[in-house]
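>>> Please find the sequence and the predicted model below.
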Amino acid sequence: MKRILSVFMAALMVSSLSLSVFADEEREANYDADYYSQLKGKDISINVYNWGEYIANGDDGCMDVNAEFEKLTGITVNYTLFDTNESMYAKIKSGSSNYDVIFPSDYMVSRMIQEEMLQKLDFSLLPNFQYIDDRFVNPEYDPQNEYSVPYTWGTVGLIYNYDKLGFDPTSWDILWDEAYAGEILMFSNSRDAFGLTLMRLGYDINASDPAQLDEAAGELKVQKPLVQAYVMDQIFDRCRAAKQL
């Protein structure tokens with residue numbers, strides 16, 4: 001299977017996205033036009049595989065980042081979306097598709113490195129890496145940033161509808177409360193589901209002890225009959241916006 005390439009086009013994309021997000025057609029841009037336009041007219045394309053709603057597409061008056069990138073560089077973006085790390089992994093592992101740039105989460109980066117599915121980066125082609133905060137450099141899942149660069153980060157939170165609950169929950173226990181059976185949404189990816197369950201049990205979110213992991217798996221089985229659906233991260237944002245949680 002062909003390994004995913006993080007080649008020059010990827011470098012241009014990473015660099016220009018950070019510039020174009022704040023660009024204005026009416027305003028003179030402060031960037032090296034020669035650098036970003038050097039592939040114009042050369043019929044170059046880049047295949048990108050990303051989570052849904054992770055790059056602005058022009059909805060709600062925001063910038064269409066891919067369109068601006070294509071305008072700036074002359075590179076065609078073939079943009080495909082996935083909803084879970086696991087579905088992304090399965091598609092690439094099957095060898096049916098090849099991508100230049102993908103956006104896996106930390107644990108999936110590690111797995112794909114171990115299975116030799118990723119190609120090492122050439123940092124001479126990633127000039128904006130110098131602006132990455134030190135705390136995000138050389139992470140445990142890619143100790144020398146040989147295969148990945150950080151794109152976004154965040155923490156898992158508990159989203160709820162106060163009008164339905166009548167109080168502010170202070171524990172993950174609410175997700176196991178039988179009083180809300182059929183009204184609970186849960187992460188569809190194992191990393192987040194296990195992580196919050198481990199924290200609820202008082203263990204490290206990155207626990208590797210087989211006994212602790214088995215205990216967490218048991219708790220998730222207990223929870224399963226109460227869950228309305230297992231969903232991707234973006235569904236939580238939509239439900240919150242619609243005040244369904």
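Cool, got the structure.

>>> Tell me the spacing between residue 155 and residue 228.
As judged by Cβ to Cβ, to the nearest Å, residue 155 and residue 228 stand 23 Å apart. Where C-beta positions appear, they are placed from N, C-alpha and C, glycine not excepted.

>>> so where's this protein uncertain?
1-30, 232-245 (pLDDT under 70).

>>> which residues of it fall in strands?
Assigned by DSSP state E, the strands in the chain fall at 45-51, 76-82, 101-102, 184-187, 227-231.

>>> For these, give me JSON lines that also has distance to residue 35 and mean neighbour count.
JSON lines is the format used below for these (distance: least, Cβ to Cβ, whole Å; neighbours: other Cβ atoms under 10 Å):
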{"stretch": "strand 45-51", "distance to residue 35": "16", "mean neighbour count": "19"}
{"stretch": "strand 76-82", "distance to residue 35": "18", "mean neighbour count": "16"}
{"stretch": "strand 101-102", "distance to residue 35": "18", "mean neighbour count": "22"}
{"stretch": "strand 184-187", "distance to residue 35": "40", "mean neighbour count": "18"}
{"stretch": "strand 227-231", "distance to residue 35": "41", "mean neighbour count": "14"}
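
>>> Reformat those strands as TSV; add distance to residue 119.
Listed next are the strands of the chain as TSV, based on distance: least, Cβ to Cβ, whole Å:
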stretch	distance to residue 119
strand 45-51	14
strand 76-82	18
strand 101-102	11
strand 184-187	29
strand 227-231	32
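
>>> Residue ranges of each domain in the chain, please.
The record's domain parsing of the chain by automatic domain parsing lists 8-136, 162-241.

>>> rewinding a little: please name whichever of the strands of the chain is nearest to residue 139.
Residue 139 sits nearest to strand 101-102 of all the strands of the chain, at 16.6 Å, using Cβ to Cβ.

>>> Tell me the strands beside the closest one, with direction?
strand 45-51 (parallel) (DSSP bridges).

>>> between the partner strand and strand 76-82, how many degrees?
Orientation check (axes from the mean of the first three to the mean of the last three Cα atoms, to 10 degrees): strand 45-51 against strand 76-82 gives 20 degrees.

>>> and strand 45-51, how far from the chain's centre?
13 Å (Cα atoms, centre = their mean, to the nearest Å).

>>> what does stretch 203-222 give?
That offset, for stretch 203-222, works out to 24 Å (Cα atoms, centre = their mean).

>>> what are the ranges of the helices in the protein?
Assigned by DSSP state H, the helices in the chain fall at 8-20, 33-36, 65-73, 85-93, 106-114, 162-165, 190-200, 210-223, 233-241.

>>> closest to residue 207 out of the strands of the chain?
strand 184-187 (17.0 Å).

>>> Partner strands of that closest one and their direction?
Strand 184-187 has these partner strands in its sheet, going by DSSP bridges: strand 227-231 (parallel).

>>> tell me the angle of the strand it pairs with relative to helix 190-200?
Going by the same axes, to 10 degrees, strand 227-231 makes 130 degrees with helix 190-200.

>>> List of residues touching strand 227-231?
Contact with strand 227-231 is made by 182-188, 193, as judged by Cβ atoms under 8 Å, 6 or more residues apart in numbering.

>>> Dump the helices of the chain to JSON lines, plus distance to residue 121 and mean neighbour count.
Shown next, in JSON lines, are the helices of the chain (distance: least, Cβ to Cβ, whole Å; neighbours: other Cβ under 10 Å):
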{"stretch": "helix 8-20", "distance to residue 121": "8", "mean neighbour count": "20"}
{"stretch": "helix 33-36", "distance to residue 121": "18", "mean neighbour count": "12"}
{"stretch": "helix 65-73", "distance to residue 121": "19", "mean neighbour count": "19"}
{"stretch": "helix 85-93", "distance to residue 121": "17", "mean neighbour count": "17"}
{"stretch": "helix 106-114", "distance to residue 121": "12", "mean neighbour count": "17"}
{"stretch": "helix 162-165", "distance to residue 121": "45", "mean neighbour count": "11"}
{"stretch": "helix 190-200", "distance to residue 121": "23", "mean neighbour count": "19"}
{"stretch": "helix 210-223", "distance to residue 121": "32", "mean neighbour count": "14"}
{"stretch": "helix 233-241", "distance to residue 121": "25", "mean neighbour count": "14"}
